[in-house]
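Colleague: Kindly return the folded structure for what I paste below:
(4 chains)
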There are 2 protein chains.
Amino acid sequence: MRTVEKALRLLDYYDGQNPEFGLSDLARLSGIDKATVLRMLGDMAATGLVDQDPESRKWRLGAGILRLARLREAAFPVTRVLTPILERLAAETGETAHASLISGRHLGTVGIVESTRSNRVSLEPGQMLPLHATASGLAYGAFARPELRAQLLAAPLPAATATTPTDPHRLAELLDQAARRGYAVADQTYEDEVFGIAMPIFGPDGFATGALAVATPISRMTDTHTAAILAALAPAAREATLGLGGRFPPTQRPAAD
Amino acid sequence: MRTVEKALRLLDYYDGQNPEFGLSDLARLSGIDKATVLRMLGDMAATGLVDQDPESRKWRLGAGILRLARLREAAFPVTRVLTPILERLAAETGETAHASLISGRHLGTVGIVESTRSNRVSLEPGQMLPLHATASGLAYGAFARPELRAQLLAAPLPAATATTPTDPHRLAELLDQAARRGYAVADQTYEDEVFGIAMPIFGPDGFATGALAVATPISRMTDTHTAAILAALAPAAREATLGLGGRFPPTQRPAAD
DNA sequence: ATTCATCGGTTCATTATTTACACCGACGTT
DNA sequence: AACGTCGGTGTAAATAATGAACCGATGAAT
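Modeller: Numbering: from 1, shown residues only, chains lettered A, B, ... in the order given. Here you go, the predicted structure:
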């Protein structure tokens, strides 16, 4: 496989729970030889993408990322646009709202605003969301470039919970349903007790680039609550698309207001 | 040379002025074959580090960076700590203040607060600062891990302006001076008309991890102004070090307050 | 105390991946 | 119509990645 991609995939293991890894940890997780991992980490450290704690010798995300993030935000102010939208969405629904953008083969969470209720869904910052097992992923997949659908259905569909769709036919149904409705739901397909509702965020080409989602504890789900969430989600997703310079595909063009 | 590093160095060409590149641009800049660059970009796109505008086919920084930046900030809140310090420093000095952290072989700018005066130094967000030609670089180099000094003196020292130190002996003098004084100055060594004053930000190991700097138009430089800037810079740099969990080396321990 | 496992890291022969060159069609200028 | 440039592809040659064995250090278990 391509070395550069393998090296960068090492970064996928980092999340809010695991901000640093030892050399052997990463070798074990990735299945790559230690010597190779070490060289990859060395290369990434040389460009500031990771750095090594001189004491514990563990490898962390590096300062170079901040520089890149600043540039990305300057050229394309995603966070600045999404944050207020998420805050409003969380306030209106009383539930945790989050936004994610496509990042390789997964959706990368780029913004989270948690519900203020004590019983709420809590999400890891920076989590990678699988496309087949989350409402965000389905909403994205249903409106992504057509090639993606085939790739998605052909790829392995690991089960995260008992209700994760692992059968390609089932997944195809869910994608079709999301495409028809304009939104996707996920009933505990990724985390037990969590129900997700998501709508796509469209890019300038009229295909999805990410998703905006509301996650609620399963205990609170009722039809009226779902309806309320959708009522708040639709304008928020629309605003997110417009705020990021996206355009709606003809089939999904919302009513002008 | 190592492929991973070469691939990641492509990202160094991005800055505030150049938020996107065509395939051939990057091949030309890097001196790498187009085919190779394309594969590298493909690998980086697969992990979300870059993405390609589907229309113009140009390559931009990707959404995956935001995820990583969030994680980095969560584990190690650099920006949150530095921003208020920079704001205060800019207000007190009336000049542009910026902070940078080591990122591979350069300092990566991670925060800038510009002076409010109309005649001010204006900096590119995300700029990469060479160690030998900037006050920040000298301040960093004078207090970095000892190995760095030899590397720095051995590396090529490209001239950015007429007064850039290009002679290793001269650079060694400047580093010694900075080490003695605890701060570094740069009189138009990187940009004409710009005078920089910088102090190191120390990491947990007592070596520099970055620098805090004030940049002023040469026309405004006087001894009293320099003294005023230093008076504001010293506590700011101290605060930055402490705020990032750093520790001072014995020789640089500031007086307790 | 001694063993044992695991850690981070290095070395080196083998091999598989990267590389560069030529080439492609498409687009814009001259 | 000729030319230059663009993004991208195929291929043979060669370079760079690879992984097993090994090292010293550290820490836990016996």
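Colleague: Isn't residue A:167 up against residue A:157?
Modeller: Yes: assessed by CB atoms under 8 Å, residue A:167 is found in contact with residue A:157 at 7.5 Å. Placement of C-beta: from N, CA and C, glycine included.
Colleague: residue boundaries of the strands in the stretch 51-200 of chain A?
Modeller: Taking DSSP state E, counting those that start in this stretch, the strands of the stretch 51-200 of chain A run over residues A:59-61, A:96-103, A:106-113, A:128-129, A:184-187, A:194-202.
Colleague: neighbours of the residue nearest to residue A:110 when sequence neighbours are not counted, just the number please.
Modeller: Among residues not flanking residue A:110 along the chain, residue B:66 sits closest, at 4.6 Å (CB to CB, 6 or more residues apart in numbering or on different chains). Look at residue B:66: counted by other CB atoms under 10 Å in any protein chain shown, it has 27 neighbours.
Colleague: which residues does residue B:66 contact?
Modeller: A:69, A:72, A:73, A:78, A:79, A:101, A:108, A:110 (CB atoms under 8 Å, 6 or more residues apart in numbering or on different chains).
Colleague: Please report the distance of the first one from residue B:81.
Modeller: From residue A:69 over to residue B:81 the distance is 16 Å, taken as CB to CB, to the nearest Å.
Colleague: higher neighbour count, these two?
Modeller: residue A:69 (24 against 19).
Colleague: That one and residue B:71 touch, don't they?
Modeller: No: contact criterion CB under 8 Å: residue A:69 and residue B:71 do not qualify, at 10.6 Å.
Colleague: List the contacts of residue A:102.
Modeller: Neighbours of residue A:102 in contact, by CB under 8 Å, 6+ apart: A:108, A:140, A:144, A:208, A:209, A:210, B:48, B:63.
Colleague: now those residues in CSV, with pLDDT, neighbour count and distance to DNA strand C?
Modeller: Listed next are the contacts of residue A:102 as CSV, based on pLDDT from 0 to 100; neighbours: other CB atoms under 10 Å in any protein chain shown; distance: CB to the nearest atom of the strand, whole Å:
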residue, pLDDT, neighbour count, distance to DNA strand C
A:108, 92, 26, 23
A:140, 96, 31, 28
A:144, 92, 23, 24
A:208, 93, 27, 25
A:209, 93, 24, 24
A:210, 95, 32, 28
B:48, 89, 27, 18
B:63, 89, 24, 23
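Colleague: pLDDT below threshold where in the stretch 151-257 of chain A?
Modeller: Across the stretch 151-257 of chain A, the ranges flagged by pLDDT under 70 are A:253-257.
Colleague: Can you tell me, leaving aside adjacent residues, what's nearest to residue A:98?
Modeller: Closest to residue A:98 by CB to CB, 6+ apart is residue A:112, at 4.4 Å.
Colleague: of residue A:167 and residue A:157, who's got more company?
Modeller: residue A:157 (19 against 10).
Colleague: Backbone dihedrals for residue A:53, both of them.
Modeller: phi -60, psi 120 (degrees, to the nearest 10).
Colleague: Repeat that for the one 3 residues further on.
Modeller: For residue A:56, the backbone dihedrals are phi -80, psi -10 (criterion: degrees, to the nearest 10).
Colleague: and it, how far is that from residue B:204?
Modeller: 10 Å.
Colleague: Equivalent analysis for residue A:22, please.
Modeller: 18 Å.
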